[in-house]
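Asker: quick one: sequence and predicted model below, then my questions.
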Amino acid sequence: MNSLEKCATMFFALSVMVTIQGCGGGSSAPTPYVSAAQKDFETFALSPSASYVLDWELPYTGVPQPGTHYLTETHASLAVSPSNGSSQSMNASAPSSIAATLPAPAVASVTRFLINGKIVVGSNSLKRVGYLGDAIEVDTLSEDGNTTVEKRMRHGIVKVPLSGAVASAPTELAQNLNSLYFNPALLSATATWKSGAAYLRYQQLEMGDCYTVIDYAAATTGSLPTPVASNTTIAVLMLKGGIYSSADAKTYKSTDGVVGVVNGVNMFVASAARPNLTTTEYRIYFELNGNVYDGSLIKANTDVGGNSYPVASSTATSGYVLNYSQNYRILFNQAAVDSIHAALTF
């Protein structure tokens, strides 16, 4: 049993089912248990409603430029409540731009996972949702839908209604949307939230060790990412001075971690967490098919962070510094997304 399966089993053991005993010696069918948080989630996600996720690349100052910047939404619905005891498909739409002047990116980014010694491309849209006690389990599937590549548990769910000016959103929402609120040129000062607008704030827990794989240089989208080097090993690269990570601004040497067989491959795992991230992650390098690949590890039971956000600074050249303490994420309902769309100045 791998670590994801062990963690899923552990949380399944904690799930709660309430059985109502009938009178006269008989018994009624089990009554599905739905927590208050799950009910809030269903007001966003149970058809005909949908939960919305925003994705963006926007400037902290100045005007957004087509081809460089974007602001998109994807939405998804559950046809049936998971309270019936089985997980349900929740497949997201393709990204759609909500900014009049900015098209959606032509090529969607991908997340790749190391699963049992193979690199598997995760789907941006295929998910399974189930209930665990008061919480929600969301499983990400592979592109072909045949493999579970990641399991996360959503908890601490809070529904927050919105009213008044869009530009005067609650601090936690403004920080979550970072550049959209930090750059005063991006939102109208007079636009208001539509009736019924709300968001769902939640935290996430990684349910098993999760190994992601990234391109070391040129960007690719398939199951063959750009390797660190070919026809070599981690040991050889370490003897040559180590492996440089531009993202971490660090050269990893043999003394910076441990090497062993993990997930079916020979792997280096850094001892210290990567810098400047909202989630605690560890740099990994692993050998596969004669190549050395780059990646990252989120350990089981790690709280998954949200977005970094800018804080004005008179001493920074850019005029701001980034804060990496955010530990929550946000879903929107349609009224909230429609309100943001109407408030955009670009």
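Answerer: Yes, it's here.
Asker: can we go C-alpha only for contacts and neighbour counts from here?
Answerer: Noted.
Asker: surely residue 128 meets residue 90?
Answerer: Yes. Distance between residue 128 and residue 90: 5.8 Å, which falls inside the contact criterion (CA atoms under 8 Å).
Asker: more neighbours: which of these two?
Answerer: Counted by other CA atoms under 10 Å, residue 128 and residue 90 do not tie: residue 90 has more neighbours, with 24 against 19.
Asker: can you give me the helices in the stretch 101-250 of the chain?
Answerer: Secondary structure of the stretch 101-250 of the chain (DSSP state H, counting those that start in this stretch): helices located at 171-176, 179-182, 234-239.
Asker: which among these is found nearest to residue 114?
Answerer: Distances from residue 114 to each of those were compared using CA to CA; the minimum, 16.8 Å, belongs to helix 234-239.
Asker: show me what that closest one is in contact with.
Answerer: 243, 253-254, 267-268, 285-287, 292 (CA atoms under 8 Å, 6 or more residues apart in numbering).
Asker: these two touch, right, residue 58 and residue 64?
Answerer: Yes. Applying CA under 8 Å as the test, residue 58 and residue 64 come out as touching, 6.2 Å apart.
Asker: quickly list what's touching both of these two.
Answerer: Overlap between the contact sets of residue 58 and residue 64, as judged by CA under 8 Å, 6+ apart, is given by residue 70.
Asker: before we move on, back to that, export the helices of the stretch 101-250 of the chain as TSV, with columns for mean neighbour count, distance to residue 335 and mean pLDDT.
Answerer: What follows is the helices of the stretch 101-250 of the chain, written out as TSV (neighbours: other CA atoms under 10 Å; distance: least, CA to CA, whole Å; pLDDT from 0 to 100):
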stretch	mean neighbour count	distance to residue 335	mean pLDDT
helix 171-176	16	15	98
helix 179-182	21	18	98
helix 234-239	15	51	98
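Asker: for the ones you listed, which one sits closest to residue 40?
Answerer: Of those, nearest to residue 40 by CA to CA is helix 171-176, at 17.7 Å.
Asker: give me the below-cutoff pLDDT ranges for this protein.
Answerer: Low-confidence regions of the chain, defined here as pLDDT under 70, cover residues 1-31.
Asker: wasn't residue 316 part of a strand?
Answerer: No. Secondary structure assignment places residue 316 outside any strand; it is coil (DSSP: H, G, I helix; E, B strand; the rest coil).
Asker: distance of it from residue 175?
Answerer: With the distance defined as CA to CA, to the nearest Å, residue 316 ends up 19 Å from residue 175.
Asker: residues touching the nearest residue to residue 126 once chain neighbours are set aside, list them.
Answerer: The shortest distance from residue 126 to any residue other than its chain neighbours is 4.8 Å, reached at residue 91 (CA to CA, 6 or more residues apart in numbering). When contacts are counted by CA under 8 Å, 6+ apart, residue 91 touches 76-77, 125-127.
Asker: also residue 254?
Answerer: Neighbour list for residue 254: 238, 242 [criterion: CA under 8 Å, 6+ apart].
Asker: make it 7 Å
Answerer: residue 238 (CA atoms under 7 Å, 6 or more residues apart in numbering).
Asker: need phi/psi at it.
Answerer: As for residue 254, its main-chain torsions (degrees, to the nearest 10) stand at phi -60, psi -30.
Asker: next one: it from residue 227, what distance?
Answerer: Here residue 254 is placed at a distance of 19 Å from residue 227 (CA to CA).
Asker: re earlier: farthest-apart pair in the contacts of helix 234-239, please.
Answerer: Spatially, the most separated pair among these is 253 and 287, at 16.0 Å (CA to CA).
Asker: quick one, which of those two is more surrounded?
Answerer: When residue 253 and residue 287 are compared for neighbours, residue 287 comes out ahead with 24 against 19, by other CA under 10 Å.
Asker: among the contacts of helix 234-239, name the ones in helices.
Answerer: Counted as lying in helices by DSSP state H, out of those, is not a single one.
Asker: can you report how many residues lie near residue 43?
Answerer: Neighbour count for residue 43, taken as other CA under 10 Å: 16.
Asker: grab the nearest non-local neighbour of it.
Answerer: Distance criterion CA to CA, 6+ apart; nearest residue to residue 43, sequence neighbours excluded, is residue 49 at 6.8 Å.
Asker: roughly how far apart are that neighbour and residue 329?
Answerer: From residue 49 across to residue 329, the span is 19 Å (CA to CA).
Asker: name the residue in these two with the higher neighbour count.
Answerer: In this comparison of residue 49 against residue 329, neighbours counted by other CA under 10 Å, the higher total goes to residue 329 at 20 against 17.
Asker: may I ask you to confirm that that one is in contact with residue 202?
Answerer: Yes. Under the criterion of CA atoms under 7 Å, residue 329 is in contact with residue 202, at a separation of 5.5 Å.
Asker: what sits against residue 193?
Answerer: When contacts are counted by CA under 7 Å, 6+ apart, residue 193 touches 162-166, 336, 339.
Asker: same thing but at 8 Å, please
Answerer: With contacts taken as CA under 8 Å, 6+ apart, residue 193 has the following neighbours: 162-166, 335-336, 339-340.
Asker: buried only: go through those for me.
Answerer: Those of the contacts of residue 193 that meet the buried threshold are 162-163, 165-166, 335-336, 339-340, by 16 or more other CA atoms under 10 Å.
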